[in-house]
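Asks: All I have is the shape, not the residue letters:
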């Protein structure tokens with residue numbers, strides 16, 4: 001069974017919901033969720049917050065967090081996930097912020113660096129990964145990682 005099907009089955013059986021807040025993936029995670037027939041039972045809305053201002057306005061990410069740590073950071077994805085969960089009134093929220101390339105990377109945050117936030121009913125989790133390949137490949141790998149992260153932490 002795929003991570004996506006595991007998520008769909010779990011959320012449907014428990015009448016729980018998930019939302020997502022995406023930056024570098026630009027809606028691909030929401031697209032994965034809605035590729036499952038019947039997903040409207042457990043997926044009601046998502047947020048594509050590509051700019052820092054959108055992260056602040058829509059999700060409540062603090063300007064100080066973005067200034068001190070940047071958009072691609074543990075702190076930012078944690079605030080994105082918690083904000084999305086609160087706004088959507090969901091049981092789970094996934095957030096993604098990264099550098100898909102080909103430009104934008106730098107010292108300490110090379111192209112392919114992606115941070116993930118997950119807010120569950122029981123805990124808040126942040127993870128990072130470094131993916132390789134072109135922009136589309138990095139974005140697709142990020143979606144797969146996010147789905148696996150959620151599937152692993154369903155409660």
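Replies: Okay, I see it. If you're wondering where the values come from, they're calculated on a predicted model, not measured in any experiment.

Asks: Let me see the contact set for residue 49.
Replies: Residues near residue 49 by Cβ atoms under 8 Å, 6 or more residues apart in numbering: 21, 22, 23, 55, 58, 59, 61, 80. For the C-beta atoms, the positions are set from N, CA and C on the backbone; glycine is no exception.

Asks: Spatially central residue in the chain, please.
Replies: Centroid-nearest residue in the chain: residue 95, 2.3 Å away (criterion: Cα atoms, centre = their mean).

Asks: Could you confirm that one falls within a strand?
Replies: Yes - checked against DSSP: H, G, I helix; E, B strand; the rest coil, residue 95 lies within a strand.

Asks: Phi, psi for residue 114 please.
Replies: Per-residue torsions, residue 114: phi -140, psi 130 (degrees, to the nearest 10).

Asks: again with residue 28
Replies: Backbone phi and psi, for residue 28 under degrees, to the nearest 10, turn out to be phi -70, psi -30.

Asks: Please apply the same query to residue 121.
Replies: According to degrees, to the nearest 10, residue 121 has phi -60, psi -20.

Asks: Check the model's average confidence along the longest helix seen in the chain for me.
Replies: With secondary structure taken from DSSP state H, the chain has its longest helix at helix 135-152. Helix 135-152 carries an average pLDDT of 98.

Asks: for that helix, packing partners?
Replies: Packing partners of helix 135-152 (3 or more Cβ pairs under 8 Å, 6 or more residues apart in numbering; DSSP states H and E): helix 3-14, helix 28-34, strand 92-98, strand 113-119, strand 124-130.
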